[in-house]
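Asker: Generate a structure from the sequence data that follows.
(2 chains)
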Number of protein chains: 2
Amino acid sequence: MRIGVVAPGRSVSHEGSLRLAAFMALTWPQVEIVFHPQCYLSEGHFAGPDAARATAFLDYANDPSFDAIWFARGGYGSNRILEAVLPHLGPAANRKTYIGFSDMGFLMGALYARRIGRQLHGAMASSIGMNDKGDSAAWVLGWLMNGDKQGLEPSLLTDKRPAAAFNLAILTTLIGTPYMPDLTDHVLMIEDVGEPLYRIDRMLFQMAHATQLKGIAGIRLGYVTDVQENDPPFNETPEQMIVRWCREMGVPYLGRAEIGHIELNRVVPFGVI
Amino acid sequence: MRIGVVAPGRSVSHEGSLRLAAFMALTWPQVEIVFHPQCYLSEGHFAGPDAARATAFLDYANDPSFDAIWFARGGYGSNRILEAVLPHLGPAANRKTYIGFSDMGFLMGALYARRIGRQLHGAMASSIGMNDKGDSAAWVLGWLMNGDKQGLEPSLLTDKRPAAAFNLAILTTLIGTPYMPDLTDHVLMIEDVGEPLYRIDRMLFQMAHATQLKGIAGIRLGYVTDVQENDPPFNETPEQMIVRWCREMGVPYLGRAEIGHIELNRVVPFGVI
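Answerer: This is a model prediction of the structure:
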């Protein structure tokens, strides 16, 4: 197994890649992990210019010697390379698994929309030693290497419907664009980070009224972390909010999901397992 | 002329309504302005519960004795009453002008989508004495009462194409929902407030790739104010960003517009003048 790491959003430090390399050597010595040099580039907000991030992604996605692409980090930016990369993905891209979450939902969603490869919501390659002590990375690798289900979002062990997981801000930014995948009959899991509650409510409104999401099977709420102060107080919890919007949407609220910007971020393979 | 004031978002103070009443008595004594008692309600983030805000709007919109509805204030919340109010608007609602901006774009957009009444992007009823010294309110009233063009967004004096103006966060939240108006052949003016640049870029991505916006005539950029710190620095101005996204959208960038969360917020009648 050979895994390539690219950074369509923000850059990573050499320390970040060394942490992952050390973890891999210790626990998964049979896996070769290769960081694209683009991961360390930095230009303003991003891990290099749009063209460099697009080229790096295409390099590795189209390289048949890689079995998977593990996204390095989120932050913001994978949307900016969609137009440049999607028309140029060849047959090798179709045989890969793409792993990440948060901002990487742009790329993962667009790939899923075109049924290019497999998408795995899970911890990112530079999380280890940061907000991941190794459990989330081990869950990703366990599923990828051995089909080990212990890291899967628990509801997936009993609910056999297709699933997908997104950051709410990324999901709602995909709405109304051709990059939004068809999630008909899917259980949709959402998580969010760093927003005041009125914005979360506003995003849930868009989700609830999105024509493209009319046919989903139900919604699960992941962790909503680092909530910013709402002035005045909003007087509802995220769970109360999602119950209300699911009612307006006419879609069942199915309970919580163990995904998000948290230490123990569970794995959600897109589609049916 | 009789104008009703309701607050589909956040509440206003009695001081705010007294300021407007004093201004009106002095400058427009022939105009009767009536604040709905709902404007002063407060529940959490909002000017009263959703049901109270919806009822107040329907009360005044369906009352044939009012010629216009002047929204009291933005903030957040007019999206939450759309489902409750739209099916219950009668013939009197169709003969009115609706005035506001920012969060009120949800209601104004949904009304414009159904061609219910006329929509006027402009200062709100509680702005006066706050971020409006009276000029913006006078522009709204001058256009409303006398068709006085001196407060119109200057490009409208020469560009005869239909126009519409939105806060970028509100416009992008409408994308993909049935509340989004058909803006084919329109000049779209956008403004924003209180966001870091990476979020503005993310919203512009959604605008640029929104299937519903494919046929617009062009885009004008209003003021982008109270920009929050972007860490790391984003290295682009909002104008550089919109030029780039207009290129990707294949739509002409037409220059600036004098609209936004500013003291001199120009009037933009939706559609053709």
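
Asker: I figured residue A:193 hits residue A:226, correct?
Answerer: Yes - between residue A:193 and residue A:226 there is a contact at 5.2 Å, judged by C-beta atoms under 8 Å. Backbone N, C-alpha and C define where each C-beta goes, glycine included.

Asker: Check the contact lists of these two and give me the overlap.
Answerer: With contacts taken as C-beta atoms under 8 Å, 6 or more residues apart in numbering or on different chains, the residues that reach both residue A:193 and residue A:226 are residue A:261.

Asker: Okay, residue A:92 and chain B: tell me how far apart.
Answerer: 26 Å (C-beta to the nearest C-beta, to the nearest Å).

Asker: That residue: helix or strand, and which one exactly?
Answerer: helix A:91-94 (DSSP states H and E).

Asker: could you point out which element follows that helix?
Answerer: In the C-terminal direction, the helix or strand that comes right after helix A:91-94 (DSSP H and E) is strand A:97-100.

Asker: what's in contact with that following strand?
Answerer: Contacts to strand A:97-100, defined as C-beta under 8 Å, 6+ apart, come from residues A:67-71, A:74, A:104, A:107-108, A:111, A:117-122, A:124-125, A:140, A:144.

Asker: What strands line up against it, and which way round?
Answerer: In the sheet containing strand A:97-100, the strands it pairs with under DSSP bridges are strand A:68-71 (parallel), strand A:118-121 (parallel).

Asker: Deepest in the core, which of those is it.
Answerer: When you average the neighbours per residue for each of these (mean count of other C-beta atoms under 10 Å in any protein chain shown), strand A:68-71 leads with a mean of 26.

Asker: ranges for the strands of chain A?
Answerer: Listed from the start of the chain, chain A has strands (DSSP state E) covering A:2-6, A:32-35, A:68-71, A:97-100, A:118-121, A:163-167, A:187-193, A:218-225, A:253-256, A:268-269.

Asker: Could you list the buried residues of the first one?
Answerer: Right, strand A:2-6. Applying a neighbour-count criterion of 16 or more other C-beta atoms under 10 Å in any protein chain shown, the buried positions in strand A:2-6 are A:3, A:4, A:5, A:6.

Asker: out of those residues, who's nearest residue B:179?
Answerer: The nearest member of the buried residues of strand A:2-6 to residue B:179, counting by C-beta to C-beta, is residue A:6 at 37.7 Å.

Asker: was I right about that closest one contacting residue A:40?
Answerer: No - here residue A:6 does not reach residue A:40: they are 11.3 Å apart, not a contact under C-beta under 8 Å.

Asker: Give me every residue in the stretch 51-200 of chain A lying close to chain B.
Answerer: Within the stretch 51-200 of chain A, the positions lying close to chain B (C-beta under 8 Å from any C-beta of the partner chain) are A:76, A:79-80, A:83, A:169, A:172-180, A:197-198.

Asker: thinking again about what came up before, any chance of the buried residues of strand A:2-6 in JSON lines, plus distance to residue A:243 and pLDDT?
Answerer: Written out in JSON lines, the entries for those read as follows (distance: C-beta to C-beta, whole Å; pLDDT from 0 to 100):
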{"residue": "A:3", "distance to residue A:243": "39", "pLDDT": "97"}
{"residue": "A:4", "distance to residue A:243": "41", "pLDDT": "98"}
{"residue": "A:5", "distance to residue A:243": "39", "pLDDT": "97"}
{"residue": "A:6", "distance to residue A:243": "38", "pLDDT": "98"}
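
Asker: if we can go back for a sec, just give me how far the helix holding residue A:92 sits from the chain centre.
Answerer: In terms of C-alpha atoms, centre = their mean, to the nearest Å, the centre of helix A:91-94 is set 20 Å apart from its chain centre.

Asker: Mind listing residues that contact it?
Answerer: By C-beta under 8 Å, 6+ apart, helix A:91-94 touches A:61, A:62, A:63, A:64, A:66, A:116, A:117.

Asker: how does it look with 10 Å?
Answerer: Counting by C-beta atoms under 10 Å, 6 or more residues apart in numbering or on different chains, the neighbours of helix A:91-94 from elsewhere in the structure are A:57-58, A:60-66, A:69, A:85-86, A:111, A:114-118.

Asker: still on that earlier bit, could the strands of chain A be laid out in JSON lines, adding distance to residue B:218?
Answerer: Rendered in JSON lines, the data for the strands of chain A read as follows (distance: least, C-beta to C-beta, whole Å):
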{"stretch": "strand A:2-6", "distance to residue B:218": "36"}
{"stretch": "strand A:32-35", "distance to residue B:218": "43"}
{"stretch": "strand A:68-71", "distance to residue B:218": "36"}
{"stretch": "strand A:97-100", "distance to residue B:218": "36"}
{"stretch": "strand A:118-121", "distance to residue B:218": "36"}
{"stretch": "strand A:163-167", "distance to residue B:218": "32"}
{"stretch": "strand A:187-193", "distance to residue B:218": "34"}
{"stretch": "strand A:218-225", "distance to residue B:218": "38"}
{"stretch": "strand A:253-256", "distance to residue B:218": "42"}
{"stretch": "strand A:268-269", "distance to residue B:218": "41"}
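
Asker: among these, which is nearest residue B:267?
Answerer: Between residue B:267 and those, the tightest spacing by C-beta to C-beta is seen for strand A:187-193, at 36.4 Å.

Asker: Which strands and helices lie in contact with that closest one?
Answerer: Helices and strands in packing contact with strand A:187-193 are listed as strand A:163-167, helix A:168-174, helix A:197-209, strand A:218-225, helix A:238-249, strand A:253-256; criterion 3 or more C-beta pairs under 10 Å, 6 or more residues apart in numbering or on different chains; DSSP states H and E.

Asker: Please identify the buried residues of the lowest-mean-pLDDT helix or strand in chain A?
Answerer: Least confident helix or strand of chain A, by mean pLDDT, DSSP states H and E, is helix A:14-27 with a mean of 91. Burial within helix A:14-27, assessed by neighbour count using 16+ other C-beta under 10 Å, is assigned to A:16, A:17, A:19, A:20, A:23, A:24.

Asker: Just give me the closest of those residues to chain B.
Answerer: residue A:16 (16.0 Å; C-beta to the nearest C-beta).

Asker: residues contacting the closest one?
Answerer: For residue A:16, the contact set (C-beta under 10 Å, 6+ apart) comprises A:5, A:7, A:35, A:39-40, A:72-73, A:124-130.
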